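Undergrad: I would like to see how this sequence folds:
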Amino acid sequence: MGTVRKLIVEVVDARNLLPKDGHGTSSPYVVIDFYGQRRKTHTVLRDLNPVWNETLSFNVGTPSDIFGDVLELDVYHDKNHGPTRRNNSLGRLKLSSTQFVKKGEEALIYYALEKKYLLSMIQGEIGLKIYYVDEEIPPQLPPEQKEPPPPPPPPPQESETKPQAEPEKVEEQPKVEADAKPECDEGKEETTENGNAEEKADPEVEKPPESVHEEPEPNGSVDQVDPGVPEIPAQPPLNVDVMAASVSRSSSEIRFSGMNAPQPIRRVASTASFTSEASSSDSVLIERSTFDLVEKMHYLFVHVVKARYLPTNGNPVVKIAVSGNQVMSRPARKTTLFEWNQAFAFSRDAPDSSPILEVSVWDPAISDGRSLLGGVCFDVTEIPVRDPPDSPLAPQWYRLEGGEAQHGDLMLATWLGTQADESFADAWKSDTHGHVNSRAKVYQSPKLWYLRATVLEAQDIMPLTSSKEVSFQVKAQLGFQVLKSKASVARNGTALWNEDLLFVAAEPVSGDLVFTLEIRQPKAPVTMGILMIPLASIERRVDDRNVASRWFTFEDPNEEKSSYKGRVHLRLCFDGGYHVMDESAHVCSDFRPTARQLWKPAIGTVELGIIGCKNLIPMKTVNGKSSTDGYCVAKYGNKWVRTRTVSDTLEPKWNEQYTWKVYDPCTVLTIGVFDSWGVFEVDSPKESTRPDFRIGKVRVRISTLQTGRVYRNTYPLLVLTHAGLKKMGEIEIAIRFIRTTQRLDFLHVYSQPMLPLMHHIKPLGVVQQEVLRNMAVKMVAMHLSRSEPPLRKEVVYYMLDADSHNFSMRKVRANWYRIINVVAGVIDIVRWIDDTRGWKNPTATILVHALLVMLVWFPDLIIPTFLFYVFVIGAWNYRFRSRDPLPHFDPKISLAEVVDREELDEEFDAVPSSGSSEMVRARYDKLRTLGARVQTVLGDFATQGERVQALVTWRDPRATGMFVLLCLVVALILYLVPSKMVAMAAGFYYLRHPIFRDRSPSPALNFFRRLPSLSDRIM
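TA: The predicted structure follows:
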């Protein structure tokens, strides 16, 4: 039974609309257009906050140049209710289909209404729920067989009658000939968005338009329905030729006779690839990657399909030998023929490539020397070359020779190609030993939500004892996450909390959220009641609107029959307006909120070409031989890519290219290199349980890339180990960023907040964010480890910097030096002022005097002069900008080259510490010494602040009296003397020559240092 996709729009309500009827109110109704279809709601009389609660349904058609994928919504005032003569616009709204979600992910969103005309006065917002739903097409009952009426006399030109005018004769039509040219609309050749084949029926068997009946829309009236997008009925069986074509080609490639002219290719963007994120329109064709950032790697492909007429009842295998490589296929699957359908790829870049390809069929069940059933030899120089977008090479039958199969045939295809060939991904490769975990794969992180559980209060909870005051707390558990509320003292069976508990939940949402009511006891808490709430029943929201709270009943966990143990007041919701952090904020690759409805369009694409590594060091020893089995992992947004594992080489070559959509330029792309133990999974299962070693990683900030430029560089792979900084090798990558929006729209992104709006309306605490991030990292690692092949837990942790916030003395000193470098500019300015004041350069000092006179007499020039000076500094520094490759890890800034062994042991030590008691005591003493220095600095800052407060608090009566009288005198002088004269006099006095100065500190500084502080009261 087929399905048809529909777009459901729930028009809930509107708020704060503009009055239009001349009496301070409006009578609004809503009109929505989508794919040429128009629906409208009923009119709400005289209400500026109308409530409709209507559901409008739209058919989702194929993308076309006439009807775009934009939903247009207009709110009008009904002219039938008021003195107006026309339907006045109350606002409009345009939404792209990329913001729509499937049923189950919808949420109520309030959109601000926009102006329809330039001079319109618009206010208010409208609440909508928009989602896709797939409805089943009911089967069509066969028509009743009736006696046909007597045929009328034939017209004189009966042969010219079109077959479309006689639908009752469809059953008698012969097969469609190649030269037949039936009339067919081009739009009927395309599939719908959900790829239903029922929409592509032969025009000869299509029903006449009169038989199409549209089902009425629920709760909405129809103004206009486009005839080009009707309800799709069940179609009768297709012709044999059309059905045969659908077997060998996709549904979008089926063309009738006479309609095989070249068609335009739809594309999302010129840089999209088959690894891009799926768009909301499934029928939009995505262009394959051109592999223009990497080097071409030439392979000899052999596709073994099947064999026939073999004198065996077993499961024969195929052996392929070329260039010193010999590989055996899997055993054949016995049907009417012997089937393998397996592809092999042999590298042709080696200098000792053999010109002969040998393909032989063997029967492993025969061991008396007659196991060879036959073989075929090919001259590699005669094998054809294929380069996409050429179609795949058709396999052919070859007669087996030299074996027991005298009349056996083998069907295979062989060609020379590159890694861009579509058969390359699933083929056995000579440089990866053909293991399952060695294939390149693309992974998707799970969609993460914040689950907010607000515990308000509990009632009718009875304590175990007769004590009047008993402490209760609520424990909430979701999977491995356990949170507890604060303790609350219950009086008269009622306890109050009003506390938020935040969890991280991953889609698909399943399971229960478990609440447990506990009594705080001296020995251990005692469980009083338990409550289980299915996650599927919890509401979703994308803003800060209030969610309705509910009462839930606790049950006794110790009794088989449920008994009443009190009730609890909860407010539960999934917060889709937040971005669930799984990376550190300064190296985050995505800032989009969870709810897809809030996503903004992409601003560009980034293409990464992973070329290879050089000079890797051996990572392990297997059977007495040092080896490295390297693979690369790249992560940006929720998309992970893993290259194939190149086995037993210190200079692996991958030459794979991937593409990501970019939504924010201030994000980071992370590339990591690892050594795999998974290639030994078949030989030794115990070996595969070992973790994959980290070889190093590189980070690239997208905002540092120029548009359209290709950056191809080699970066060192550095790893900080217990023994110190170690260079593991080098990686060569090529990267390119392409902007897909207008330049002004791209620059406008820099003025927008990085995090979604909910992070600013209801911000999360720093400690709470770190706890939630750790939970999110664990959930992402668990999800990716269940893939096939799995992305190991240690790989995910290393890519996400799960241990980046651990304590490290090296990082403390590195951050201190970073602060010094930032303050160094201010220190240089202070030194320059002091040198100018000291007349070390008389010419500069005289020029400063002239500048002072100009700025005092013309104060309007102060801000323009400062801004012009900043511009000159920036323009001057442009000459000295960094021309090195893209910035990467800097061991000098990280102090990784000068760190000592003890600090490294402390940095890599787990929590709790696994070191000896003497080592922990030494670290503690060192930390105490550092803490004493910090304590002294904090005390000095507090002292200076308290002295400022002491100027007016009369802590020292004499000092405060002198300061207050001085302020009075200065105020009177400034009233009498022009401010320009005072400013000039103060400037000349400050810049006076050293011969007119005293070497002792100034009286003002001496006065300030004598002010009291609270440091003498510290015990």
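
Undergrad: if I look at the closest residue to Asp431 other than its chain neighbours, how far off is Ser371?
TA: With sequence-adjacent residues excluded and distances taken as CB to CB, 6 or more residues apart in numbering, Asp431 is closest to Val646, at 5.1 Å. All C-beta atoms are positioned from the backbone trio N, CA, C, and that covers glycine. Distance of Val646 to Ser371, computed by CB to CB, to the nearest Å: 33 Å.

Undergrad: look at these two and report which has more neighbours.
TA: With other CB atoms under 10 Å as the criterion, Val646 and Ser371 differ in neighbour count, and Val646 comes out ahead with 24 against 18.

Undergrad: separation between the more buried one and Ile671?
TA: In this structure, Val646 lies at 16 Å from Ile671, with CB to CB as the measure.

Undergrad: Glu499 now?
TA: Distance of Glu499 to Ile671, computed by CB to CB: 42 Å.

Undergrad: between these two, which is the more surrounded one?
TA: Taking other CB under 10 Å, Glu499 and Ile671 do not tie; Ile671 has more neighbours (23 against 16).

Undergrad: ok, that one - contacts?
TA: When contacts are counted by CB atoms under 8 Å, 6 or more residues apart in numbering, Ile671 touches 608, 610, 632-634, 697-700, 731, 733.

Undergrad: can I get those residues in a markdown table with distance to Gly825 and pLDDT?
TA: Written out in a markdown table, the entries for those read as follows (distance: CB to CB, whole Å; pLDDT from 0 to 100):
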| residue | distance to Gly825 | pLDDT |
| --- | --- | --- |
| Leu608 | 36 | 95 |
| Ile610 | 39 | 94 |
| Cys632 | 39 | 94 |
| Val633 | 39 | 95 |
| Ala634 | 36 | 96 |
| Lys697 | 31 | 93 |
| Val698 | 29 | 93 |
| Arg699 | 26 | 93 |
| Val700 | 27 | 93 |
| Ile731 | 35 | 94 |
| Ile733 | 34 | 94 |
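
Undergrad: let's see which of the residues you listed end up in strands.
TA: Secondary structure of the contacts of Ile671 is defined by DSSP state E; positions in strands are 608, 610, 632-634, 697-700, 731, 733.

Undergrad: would TSV of these with distance to Ala524 be doable?
TA: Written out in TSV, the entries for the ones in strands among the contacts of Ile671 read as follows (distance: CB to CB, whole Å):
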residue	distance to Ala524
Leu608	54
Ile610	54
Cys632	50
Val633	45
Ala634	48
Lys697	45
Val698	50
Arg699	47
Val700	52
Ile731	54
Ile733	56
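
Undergrad: a markdown table for the residues you listed, including neighbour count and distance to Ser96?
TA: Putting the ones in strands among the contacts of Ile671 into a markdown table (neighbours: other CB atoms under 10 Å; distance: CB to CB, whole Å) gives the following:
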| residue | neighbour count | distance to Ser96 |
| --- | --- | --- |
| Leu608 | 22 | 27 |
| Ile610 | 27 | 33 |
| Cys632 | 28 | 35 |
| Val633 | 24 | 32 |
| Ala634 | 23 | 28 |
| Lys697 | 24 | 36 |
| Val698 | 22 | 35 |
| Arg699 | 17 | 32 |
| Val700 | 24 | 29 |
| Ile731 | 28 | 38 |
| Ile733 | 25 | 33 |
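
Undergrad: part of a strand, is Arg736?
TA: Yes. Counting by DSSP: H, G, I helix; E, B strand; the rest coil, Arg736 is found in a strand.

Undergrad: isn't it right up against Gly604?
TA: No. At 10.2 Å, Arg736 does not count as touching Gly604 under the criterion of CB atoms under 8 Å.

Undergrad: and the next helix or strand past the helix or strand of the chain with the lowest mean pLDDT?
TA: Every helix and strand in the chain was compared by mean pLDDT, DSSP states H and E; the lowest is helix 240-248, with a mean of 34. Using DSSP states H and E, the helix or strand that follows helix 240-248 towards the C-terminus is strand 299-308.

Undergrad: can you list the strands that that next one pairs with?
TA: Each strand paired with strand 299-308, and its direction, by DSSP bridges: strand 338-347 (antiparallel), strand 409-417 (antiparallel).

Undergrad: now the ones you listed in CSV, with mean neighbour count, distance to Pro593 and mean pLDDT?
TA: Converted to CSV, the strands paired with strand 299-308 look like this (neighbours: other CB atoms under 10 Å; distance: least, CB to CB, whole Å; pLDDT from 0 to 100):
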stretch, mean neighbour count, distance to Pro593, mean pLDDT
strand 338-347, 21, 42, 91
strand 409-417, 21, 43, 92
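
Undergrad: any chance of these in CSV, plus distance to Lys319?
TA: Output for these, formatted as CSV (distance: least, CB to CB, whole Å):
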stretch, distance to Lys319
strand 338-347, 11
strand 409-417, 12
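
Undergrad: and those: which comes nearest Lys429?
TA: Go through the strands paired with strand 299-308 one by one with CB to CB and the one that ends up closest to Lys429 is strand 338-347, at 4.9 Å.

Undergrad: can you show me the CA trace of the closest one as PDB?
TA: In PDB, the C-alpha atoms belonging to strand 338-347 read as follows (Å, rounded to 0.1, in the frame of the first residue of the first chain):
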ATOM      1  CA  PHE A 338      26.600 -19.600  -8.500                       C
ATOM      2  CA  GLU A 339      26.500 -16.000  -7.300                       C
ATOM      3  CA  TRP A 340      29.200 -13.800  -5.700                       C
ATOM      4  CA  ASN A 341      28.400 -10.200  -6.700                       C
ATOM      5  CA  GLN A 342      31.700  -9.000  -5.100                       C
ATOM      6  CA  ALA A 343      34.100  -6.200  -6.200                       C
ATOM      7  CA  PHE A 344      37.800  -6.000  -5.800                       C
ATOM      8  CA  ALA A 345      40.100  -3.000  -6.200                       C
ATOM      9  CA  PHE A 346      43.900  -3.400  -6.700                       C
ATOM     10  CA  SER A 347      46.200  -0.400  -6.500                       C
END
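
Undergrad: and it, how far from the chain's centre?
TA: Between the mean C-alpha location of strand 338-347 and the chain-wide mean there is a distance of 36 Å, by CA atoms, centre = their mean, to the nearest Å.

Undergrad: got the buried residues for the biggest helix by length in the chain?
TA: Scanning the chain for the helix with the most residues, using DSSP state H, yields helix 917-949. Of the residues in helix 917-949, those buried under the neighbour-count criterion (16 or more other CB atoms under 10 Å) are 923, 946-947.

Undergrad: pick the one among those closest to Tyr450.
TA: Distance from Tyr450 was checked for each of the buried residues of helix 917-949 by CB to CB. The minimum falls on Arg923, at 36.7 Å.

Undergrad: ok, now which ones touch that closest one?
TA: When contacts are counted by CB under 8 Å, 6+ apart, Arg923 is found next to 906, 913, 915.

Undergrad: if you set the cut-off to 7 Å instead, what comes out?
TA: Each residue near Arg923 by CB atoms under 7 Å, 6 or more residues apart in numbering is listed here: Glu906.

Undergrad: in this structure, what residue spans correspond to helices?
TA: Using DSSP H, the helices of the chain run over residues 240-248, 685-688, 743-748, 758-761, 766-785, 793-799, 809-837, 842-857, 862-878, 901-908, 917-949, 957-976, 979-990, 1003-1009.

Undergrad: buried deepest among these, which one?
TA: Neighbour counts (mean count of other CB atoms under 10 Å) averaged over each of the helices of the chain peak at helix 793-799, with a mean of 21.

Undergrad: for the strands paired with strand 299-308, which one sits closest to Val662?
TA: Evaluated with CB to CB, these place strand 409-417 nearest to Val662, the distance being 30.9 Å.

Undergrad: quick one: the closest one to chain centroid distance?
TA: The chain centroid and the centroid of strand 409-417 are separated by 41 Å under CA atoms, centre = their mean.
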